[in-house]
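Enquirer: sharing a model prediction with you, sequence too.
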Amino acid sequence: MTITTACSDSLVGVEGFCPIVESTTPVNLETDVLANRVVTVTFEEKINPATMVPAAFTLTTIVTDNSSGTPTNRTVEVNGAMTFNNDTNTMSFTPNEPLSLDTTYTGRVKNTIKDPLGNKMIEDYVWSFTIEAPKTFTLNVTAENGSVEKNPDQQDYIEGTQVVLTATPNNGFVFTSWSGDATGSKSSLTVTMDSNKNITANFTAIPANTFALNVIAVNGSVEKNPDQQSYINGSHVVLTATPDAGYVFTSWSGDATGSNNPLSVTMNANKNITANFTAIPAGTFALNVTAVNGSVAKNPDQQSYNNGSQVVLTATANDGFKFSSWSGDATGSDNPLTVTMNANKNITANFTATAATFTLNVTAVNGSVAKNPNQMSYVDGSQVVLTATANDGYKFSSWSGDATGSDNPLTVTMNANKNITANFTAITFTLNITAENGSVAKNPDQQSYNSGSQVVLTATANDGFEFSSWSGDATGSDNPLTVTMDANKNITANFTAVQNIVVNLGDASRFGAFGGNAGITNQGLNTVINGSIGTTAASTLVTGFHDELTGDVYTETPLNKGSVTNGIFTAPPAPGTASSQKIAEDALLAATAARNSISPGNLPGGQDLGSDELGGLTLAPGIYKSASGSYKISDVDLTLDAQGNENAVWVFQVESSLTVGTPTGPRSIVMTNGAKPANVHWFVGSAATINGAGGGTMVGNILSEAGVTFSTAGNVEQTVLNGRAISLTASVTMVNTTINVPE
C-alpha cells in the first residue's frame, strides 16, 4: 500500500494540501472479503466531483492464461459502476458481477483526482484484498402449539443475513417467549445470522374462559395495556403502536382494522392483530401522534411529510377529560399546534380528568393482580376489573382491605381512594409411603408439603432383603430419591430377598489363566501373570512364558517372553509332569463346576438391562442376563457400585460372546464403594475378547466355554485383568497383558 502525506504549494503551486485517502473498504490485505462486497474509498477532504470519473479508479486481478501451452499472467480489469457521495467524500465502486473466490484484487486510485482548489494527489493510492467464500449458517426453528414464519425462508443463510421470525399461536394458546439462541417475548423477532442457530418459539395454553391476544409488529413495536398472557371475556386492552426510525404506522390488520393509535380492543375471542408500518420515502419524515382519553386530527393527514412542510395538530378530549399539554417532540399547550417537519417526530397529546379522581393501590404477595384499565388514577364512578393470578404453588383465596369476597375477576367502582389486597394460600399435597420388608425415611417428615417443595426418601432394607425399586407415583431405583411435590403422591418402596450367591472356584482359584485342553499363548515382552497358569494339554501348547518358581521355560523367543509368578501346570513332556497334569485336571473340574453354578439354569432371575451395551452404566450388585445373548463394553467404561457392601457380588450371564473395547480404543471397569474384583463373575457361552486395541482394565473371573483373547499382536500398550481368564475347551491368548489374581 502507498501512503501519501500532505503537500504544500511549494510542490504543486496551488494553495492548500493534496488529497489523501483516509480509509478503504475492504482494508488493505483483508482476506475474508465477501464476493458481493462494494469497494469504497473515503478521502480526508472535499474532492472536486468533476475529477471523480470512472478512469480515476481501477480494480484489477492477475489471471493465468494457459491457451498457448505456456502459462502466462495477464492483468484483467473488473467492470463496474462508480458513484461519489460529496457529503461523505466517499467513492463507491460496485462490480457488475460478483468477484471470484480465492482471488486477490488490487485497487488503484489515480493521482488525477483533485480537491476544489485544484490540488491533486501526489501519487496513485494502491491496496489489495482477497475474496473468500462466504460463510453460511443454518437456522432451525422449533414450534409446538403454534407456528413460525421465516422471512426469507431458506435452508442456509449467508453470514450477516437478517431473518424475521413471526410466531403465530394455535387456537387456545398464546406466544410467550423465544428460547435457545434467542430471547425476548415479542412475537416478531429479527435474527442476524452469525452462527448456526436453534431457536424455539414457546407457546402457553391459555386458561379456560379466557382469550389470547397475539400482536405482530415488523419495523415497529406494540405496547399492550394491560400486558397479560390471557384476558377474561369482555376485558379491554389498549394497543399503542410505535414505528422504528424511518417508518410510520399505517394501519391494523387481522382481527382489527383502521388506523386509530392507540387502539382499544375488546376481548371476546382469541385475537391475532398485526400492526402495519410503512417505510417513509427518502428525504421525508414521519409524524407519529399518540393520544389516550382523547384524539388528535392531523392536517394534512399523510403517512410522511417533505422537509419543511407544516402540519396542524388539533386535540379533542373525550367526555370527562380536557386537553392539557403536548409532550415528546412538542411542548406547550397550544391547541391547535403547528408542527414544522424537519425530522421524524413522535408527539403525545396529554389529557387530564375534569371530574374527581381516585387512586387504586393493589397489594399481592405470592401472586399478582392485573388492573383493567391500568391507570395511576380513575375518574369518579369509573369501573376497574381486578384479575388475580397466583404464583406457582399458590392459589387465590380472597380479597381484603377495601374489597371482600373471593370473586375473581373483581369489578371495583371508583368512588374513593382504595387499598385492596389479594390473598393467596399455599397449595399443599400429601405424601403416603408404603414399605414391606424395609422402611423409608422422609426428609423433611411432614403431614403435608407445599407445592413444589422437595422431599428426600431413603429406603432401608430389613435383614435378608435389599431395596430394589420404587413404584406407584415414583419409578426407578435411585436411593435416596428426591420427590417434587406437585400432587398428592402414593409411593411404594420395593424390597427383594437377598440371594446368597457363592461361587466356589476351588482348585481353579490359584490360576490367572487356564487354557482348558488347548493351551495358553503369549506374544510380547511385558506379559506378567501374578498367579498360576495351566492347561490339561501338553507343555508344548504353552508358549511365550517362563516359570518364576522353577525357572522352567515354555517356548520363549526374543520377542515373546512372559513371567508367571506362581507356577505353570501342564501335562508332559517336560517341563510338564504327571503331578502338574493332575493339578491342571483338578483345576478344570473345579472351573467347570464354578461355571455351571452361575449359569442361567442354575442361577435364574437375571435382570435384563434392555441392551447388550454395558458401557456408561453404573450397576448395583446382582445378576444380569443378556437377552440378546451377548454383552459389550464399547461406548464408555462400566462402573460397579458396591454401595458400601464389601461382600457385594455381580454375575453377568451371556449365552454367546463378551466383547470389551473397540477396534480403536480400550474400555475399563471402574470399581467403587468397596467393590472387589474377586466378587465379579462372567458366564460366557462362547468366547471373550478383551480390549483388542490394547490397554484398559478388565475386572472379574471370566469363565468362558471357548477361549479368551487379550489385545492383538503388535500392541505395546499394557492390557490389565484384575481377575481370572478361564477357558474350558479353547486356548487363552494374550499380548503384553498383566493378570492379577484376586484374593
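Expert: Yep, that arrived. Numbers count the residues shown, from 1 in each chain.
Enquirer: check which element follows the helix ranked longest in the chain along the chain.
Expert: In the chain, taking DSSP state H as the definition, the longest helix is helix 578-597. Sequence order places strand 618-619 as the next helix or strand after helix 578-597, per DSSP states H and E.
Enquirer: what is the mean pLDDT for that next one?
Expert: For strand 618-619, mean pLDDT is 94.
Enquirer: pairing partners for it, with directions?
Expert: Strand pairing for strand 618-619, using DSSP bridges, gives strand 638-641 (parallel).
Enquirer: continuing past the partner strand, what's the next helix or strand?
Expert: The C-terminal neighbour of strand 638-641 among helices and strands, as given by DSSP H and E, is strand 650-654.
Enquirer: within the sheet, what are the partner strands of that next one, with directions?
Expert: Paired strands of strand 650-654, with direction, are strand 622-625 (parallel), strand 680-684 (parallel) (DSSP bridges).
Enquirer: most tightly packed of those?
Expert: strand 680-684 (a mean of 26; mean count of other Cβ atoms under 10 Å). Where C-beta positions appear, they are placed from N, C-alpha and C, glycine not excepted.
Enquirer: give me the distance between residue 515 and residue 536.
Expert: 9 Å (Cβ to Cβ, to the nearest Å).
Enquirer: those two - which one has more neighbours?
Expert: More crowded of residue 515 and residue 536, by other Cβ atoms under 10 Å: residue 515, with 30 against 23.
Enquirer: can I get stretch 459-473 as CSV, trimmed to CA atoms?
Expert: Written as CSV, here are the backbone C-alpha positions of stretch 459-473 (Å, rounded to 0.1, in the frame of the first residue of the first chain):
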residue,chain,number,x,y,z
ALA,A,459,-35.1,-46.7,51.8
THR,A,460,-33.5,-49.1,54.3
ALA,A,461,-34.0,-52.9,53.9
ASN,A,462,-34.6,-55.4,56.7
ASP,A,463,-32.1,-58.1,57.3
GLY,A,464,-32.2,-60.7,54.4
PHE,A,465,-33.6,-58.1,52.0
GLU,A,466,-32.3,-55.4,49.7
PHE,A,467,-34.0,-52.4,48.2
SER,A,468,-34.9,-52.9,44.5
SER,A,469,-37.1,-50.1,43.2
TRP,A,470,-39.9,-47.5,43.7
SER,A,471,-43.4,-47.9,42.3
GLY,A,472,-46.7,-46.0,42.4
ASP,A,473,-46.0,-42.3,41.9
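Enquirer: now what about that stretch, what contacts it?
Expert: Stretch 459-473 is contacted from outside by 434-435, 437-441, 457, 475-481, 487, 489-498, using Cβ atoms under 8 Å, 6 or more residues apart in numbering.
Enquirer: what do you get for stretch 75-94?
Expert: By Cβ under 8 Å, 6+ apart, stretch 75-94 touches 22, 38-47, 49, 52, 54, 57-63, 95-97, 99, 105, 107, 109.
Enquirer: still on that earlier bit, could you dump the strands paired with strand 650-654 to JSON lines with mean pLDDT and distance to residue 612?
Expert: Putting the strands paired with strand 650-654 into JSON lines (pLDDT from 0 to 100; distance: least, Cβ to Cβ, whole Å) gives the following:
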{"stretch": "strand 622-625", "mean pLDDT": "92", "distance to residue 612": "11"}
{"stretch": "strand 680-684", "mean pLDDT": "97", "distance to residue 612": "13"}
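Enquirer: dump those into CSV; add distance to residue 698 as well.
Expert: Shown next, in CSV, are these (distance: least, Cβ to Cβ, whole Å):
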stretch, distance to residue 698
strand 622-625, 16
strand 680-684, 9
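Enquirer: of all those, which one is nearest residue 252?
Expert: Among the strands paired with strand 650-654, strand 622-625 comes nearest to residue 252, with 66.1 Å by Cβ to Cβ.
Enquirer: looking at the chain, which helix or strand does the model trust least?
Expert: The helix or strand of the chain with the poorest confidence is helix 9-12; it has a mean of 40 (mean pLDDT, DSSP states H and E).
Enquirer: C-terminal to that helix, what's the next element?
Expert: strand 21-25.
Enquirer: which strands or helices does that next one pack on?
Expert: Helices and strands touching strand 21-25, by 3 or more Cβ pairs under 8 Å, 6 or more residues apart in numbering; DSSP states H and E, are strand 39-43.
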